[in-house]
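Engineer: how would this look folded up:
(one chain, ligands or ions: 1)
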Amino acid sequence: MTKLRLAIVGAGPAGIYAADILLKAERNFEVSIDLFDHLPAPYGLVRYGVAPDHPRIKGIITALRDVLDRGDIRVFGNVRFGVDITMDDLKTHYNAVIFATGAVRDADLKIPGIDLAGSYGAARFVSWFDGHPDYPRTWPLEARQVAVIGNGNVALDVTRMLAKHADDLLPTEIPANVYEGLQASAVTDVHVFGRRGPTSVKFTPLELRELGELPDVDIVVYDEDFDYDDAARDAVASNKQVFVIDKVLNKWRERPAGTASRRLHLHFFAKPVEIADDGTGRVGAIRYERTRPDGHGGVVGTGEIRELPIQAVYRAVGYFGSPLPGVPFDKKRGVIPNREGQVLWKGEPGSGSASANQQLYGVYATGWIKRGPVGLIGHTKSDAMETVRHLINDLGNWWHPAEPSEESVLSMLDERGIEYTNLDGWHRLDQHELALGAAEGRARIKVVPREDMIAVSRREPASVPTK
Ligand SMILES: Cc1cc2nc3c(=O)[nH]c(=O)nc-3n(C[C@H](O)[C@H](O)[C@H](O)COP(=O)(O)OP(=O)(O)OC[C@H]3O[C@@H](n4cnc5c(N)ncnc54)[C@H](O)[C@@H]3O)c2cc1C
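Structural biologist: Residues are numbered from 1 along each chain as shown. Sure, this is the predicted structure:
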């Protein structure tokens with residue numbers, strides 16, 4: 001019987017769902033899957049993106065772990081594609097590869113002053129508060145007035161984490177260094193900016209409502225932002241989600257002014273145009289143009305420029321994928337070019353196929369690196385179904401590896417001295433983190449430094465952290 005030796009690069013939800021769907025699919029060949037991730041622990045953005053105070057979403061890890069615990073997928077953590085293993089290695093050992101490497105970088109926002117000291121990308125802040133091993137352990141939180149640019153759920157996560165008191169995060173799995181950092185935060189006012197109106201936001205109602213429930217944080221909304229045009233009124237009448245969002249915001253308008261020690265301001269029809277220097281090269285103010293509805297659901301600038309003093313700004317305007325060595329990449333969209341998950345490439349000039357997009361046989365993509373960084377974890381499942389369907393149907397075009405045995409991959413990694421982690425290692429790290437948390441009455445305390453994660457996973461107790 002034919003056997004498919006498959007490499008999946010990226011152990012986030014997209015990679016794990018792809019493996020699961022393939023293993024359960026009707027097919028007339030055997031399957032053996034190796035799942036690689038450059039982090040020592042699996043689950044991608046579920047572990048390192050979803051906010052720590054969203055335990056219900058973090059709970060998706062349980063379902064993903066059940067897939068891995070079945071035992072029919074080999075997991076190799078701490079192995080970076082492009083550094084530790086290359087495309088040539090994959091072709092030597094496998095019949096095909098699925099890239100599920102997601103997106104971790106911040107998309108650019110091209111306004112003057114965005115590179116000043118005190119200006120941050122949301123993705124970096126998220127990586128810090130979720131204890132990503134490759135980011136600094138400390139985060140500057142001296143600013144009293146902070147701006148967050150963006151009207152999506154990541155902007156809400158960043159806003160909430162900035163405004164929430166550290167003690168209210170203590171029961172969650174935030175790492176010890178993050179709790180200490182947030183406890184010292186000087187913030188009093190967080191200003192959220194969206195260039196469109198309240199009926200055009202990309203927040204989901206549940207996440208928006210949550211802002212209004214933060215202890216000792218007052219929500220401030222401005223009456224001038226609620227002068228709706230017909231398009232906005234239609235949106236409220238015809239779209240359930242917009243209806244609920246409008247209702248939540250209007251309830252906040254009716255609240256009497258509060259006395260909380262922190263405030264969270266929502267500014268709509270406010271398009272940031274410049275971050276002003278405080279005279280020392282640091283963020284000193286945000287300049288924004290007041291916009292108004294254009295009558296068709298969009299906005300136009302009014303020419304009125306306003307200024308608000310701030311000492312830090314976070315842009316939450318989207319994530320962006322990163323190129324992988326030897327793999328085609330669409331620089332504009334930040335994705336691997338593909339047709340329903342089959343990776344495409346443009347033939348080299350002179351090869352007789354310069355203009356057409358052709359299928360790059362044996363190479364597939366799924367998740368955020370396939371589709372772009374939008375959508376929820378659940379969407380990566382339907383993504384994976386589509387990709388796996390093509391992989392199965394393409395049987396005649398798979399690679400023919402020179403060394404297809406499972407042992408040959410272990411030898412390659414060992415010969416290169418790569419300290420890979422496996423599923424047992426992840427269980428050890430998981431148990432260790434839960435035990436650290438239990439000792440302090442918390443859900444979990446994440447181990448942050450990469451070397452400590454590896455030491456715990458590989459049973460090297462000398463370096464095991466106790467905090
Ligand atoms: C801040 C934030 C909050 C979110 N909150 C929610 C939420 O509440 N609910 C919800 O449903 N969705 C949420 N999402 C969306 C959700 O995280 C994504 O839909 C999902 O994680 C995308 O899955 P993925 O597997 O494509 O990518 P990822 O989860 O990013 O996984 C990609 C994996 O590939 C690995 N990788 C990357 N490059 C390499 C390489 N060179 N070699 C080896 N491995 C590599 C990474 O380490 C990672 O483990 C949130 C996203 C963000 C950014």
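
Engineer: when you work out contacts or count neighbours from here on, use the C-alpha atoms and nothing else.
Structural biologist: Noted.

Engineer: for the ligand, what are the nearby residues on the stretch 151-300 of the chain?
Structural biologist: Residues of the stretch 151-300 of the chain lying near the ligand by CA under 6 Å from any ligand atom: residue 154.

Engineer: chain center to stretch 106-119, what's the gap?
Structural biologist: Remark: stretch 106-119 is offset 19 Å from the chain centroid, using CA atoms, centre = their mean, to the nearest Å.

Engineer: show me what the mean pLDDT comes to for it.
Structural biologist: What stretch 106-119 shows for mean pLDDT is 96.

Engineer: now it: buried residues?
Structural biologist: Judged by neighbour count (16 or more other CA atoms under 10 Å), stretch 106-119 contains these buried residues: 106, 107, 113, 114, 116, 117, 118, 119.

Engineer: any chance of those residues in a markdown table, plus secondary structure and distance to residue 310?
Structural biologist: Compiled in a markdown table, the buried residues of stretch 106-119 are given as follows (DSSP: H, G, I helix; E, B strand; the rest coil; distance: CA to CA, whole Å):
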| residue | secondary structure | distance to residue 310 |
| --- | --- | --- |
| 106 | strand | 21 |
| 107 | coil | 22 |
| 113 | coil | 13 |
| 114 | coil | 13 |
| 116 | coil | 12 |
| 117 | strand | 12 |
| 118 | coil | 10 |
| 119 | strand | 10 |
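
Engineer: which single one of these is nearest to residue 45?
Structural biologist: Among these, residue 106 lies closest to residue 45 (CA to CA), at 13.8 Å.

Engineer: how close does that closest one sit to residue 363?
Structural biologist: 26 Å (CA to CA, to the nearest Å).

Engineer: thinking again about what came up before, quick one: which of the buried residues of stretch 106-119 is nearest the ligand?
Structural biologist: The ligand lies nearest to residue 106 out of those, by CA to the nearest ligand atom, at 9.4 Å.

Engineer: dig out what that closest one forms beta bridges with.
Structural biologist: residue 319 (DSSP bridges).

Engineer: can you give the contact residues for the lowest-mean-pLDDT helix or strand in the chain?
Structural biologist: Lowest mean confidence among the helices and strands of the chain (mean pLDDT, DSSP states H and E): helix 55-58, at a mean of 90. With contacts defined as CA atoms under 8 Å, 6 or more residues apart in numbering, helix 55-58 is touched by 46, 47, 50, 52, 172.

Engineer: any figure for the gap between residue 391 and the ligand?
Structural biologist: Relative to the ligand, residue 391 is positioned 17 Å away (CA to the nearest ligand atom, to the nearest Å).

Engineer: show me the contacts of helix 55-58 that map onto strands.
Structural biologist: With strands defined by DSSP state E, no entry of the contacts of helix 55-58 lies inside them.

Engineer: can you redo these as JSON lines with distance to residue 336?
Structural biologist: JSON lines is the format used below for the contacts of helix 55-58 (distance: CA to CA, whole Å):
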{"residue": "46", "distance to residue 336": "21"}
{"residue": "47", "distance to residue 336": "23"}
{"residue": "50", "distance to residue 336": "24"}
{"residue": "52", "distance to residue 336": "30"}
{"residue": "172", "distance to residue 336": "35"}
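
Engineer: would you turn these into TSV with pLDDT and neighbour count?
Structural biologist: Below are the contacts of helix 55-58 laid out as TSV (pLDDT from 0 to 100; neighbours: other CA atoms under 10 Å):
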residue	pLDDT	neighbour count
46	96	20
47	96	22
50	95	19
52	94	26
172	91	20
